[in-house]
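In: fold the following for me, if possible:
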Amino acid sequence: MTQTLTRCGWVNLANPRYIDYHDHEWGVPCHDETRLFEMLNLEGAQAGLSWETVLNKRESYRAAFDGWDAEKIARYDERKVAQLLADPGIVRNRLKVAATIGNARAYLKLREEIGGLDAYLWAHVDGQAIVNRWASLAECPAKTPLSDAISKDLARRGFKFVGSTIIYAYLQGVGVINDHVQDCHCHGR
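Out: Numbers count the residues shown, from 1 in each chain. Now for the predicted structure:
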């Protein structure tokens, strides 16, 4: 007999990639600089779209953006931008592509000043993930004072597509915040 696991209601159970993301990444504390940079840009790329759309393009994004190597991305020129805008594997939006390049430059400055996104993000929560205890998705906010503050500071540092709602989703995605609902099998992890 196969036991069916209870998951958060936002998961498309028909998409194995989505299930894997929910079960193994979302809400799991991340300290990997490359993944933190990747997720910041993917959350920004998702603006106006569904997360599932971007998640399904994730491997194409990794290939198109040189494995999320910020030093390479920061040096992209107009020729590379044209190449990216012609790539059907990513969201071909000029503002989002330009934001990723600008974010690479802002990230390199942040890394030089603070050590990177890992040090930056986790300092905001004293190194401890926030574990919420929502009974349902309806209780989960779209943004909080924490996401407001990080959003404002990242924008001041030159990052783009970092509005408070995007940052809240980012904090969930990289495990600074665990918003798995209480009956989800991942909640107590």
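
In: immediately after the helix or strand containing L55, which helix or strand?
Out: In the assignment (DSSP states H and E), L55 maps to helix 51-56. Using DSSP H and E, the helix or strand that follows helix 51-56 in sequence is helix 58-64.

In: could you count how many residues lie near L110?
Out: 22 (other CB atoms under 10 Å). For every residue, glycine as well, the C-beta is placed using N, CA and C.

In: who are the neighbours in contact with it?
Out: Applying CB atoms under 8 Å, 6 or more residues apart in numbering to L110 gives the contacts 116-117, 120, 157.

In: rewinding a little: report all helices and strands that the helix holding L55 contacts.
Out: helix 16-24, helix 33-45 (3 or more CB pairs under 8 Å, 6 or more residues apart in numbering; DSSP states H and E).

In: and those helices, which is most packed in?
Out: helix 33-45 (a mean of 22; mean count of other CB atoms under 10 Å).

In: average pLDDT across that one?
Out: Taken as a whole, helix 33-45 carries a mean pLDDT of 98.

In: again with stretch 58-72
Out: Across stretch 58-72, the per-residue pLDDT values average to 98.

In: list the buried residues in that stretch.
Out: 58, 61-62, 64-65, 68, 70 (16 or more other CB atoms under 10 Å).

In: can you get me the start-to-end distance on it?
Out: Start and end residues of stretch 58-72 are separated by 18 Å (CA to CA, to the nearest Å).

In: can you check stretch 156-173 too?
Out: 22 Å.

In: now do the longest helix belonging to the chain against helix 33-45, angle only.
Out: Ranked by residue count under DSSP state H, the longest helix found in the chain is helix 94-114. Interaxial angle, helix 94-114 versus helix 33-45 (axes from the mean of the first three to the mean of the last three CA atoms, to 10 degrees): 150 degrees.

In: show me what counts as buried in helix 94-114.
Out: Result for helix 94-114 [16+ other CB under 10 Å]: buried residues 96-97, 99-108, 110-111.

In: put together TSV for the residues you listed, with pLDDT and distance to H24 on each row.
Out: Formatted as TSV, the buried residues of helix 94-114 follow (pLDDT from 0 to 100; distance: CB to CB, whole Å):
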residue	pLDDT	distance to H24
K96	98	26
V97	98	28
A99	98	27
T100	98	24
I101	98	29
G102	98	30
N103	98	25
A104	98	26
R105	98	31
A106	98	28
Y107	98	24
L108	98	29
L110	98	27
R111	98	26
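
In: hang on, the earlier thing: so which of the contacts of L110 sit within helices?
Out: 117, 120.

In: could you identify the most distant pair in the contacts of L110?
Out: Using CB to CB, the contacts of L110 span at most 12.7 Å, a distance reached by G116 and R157.
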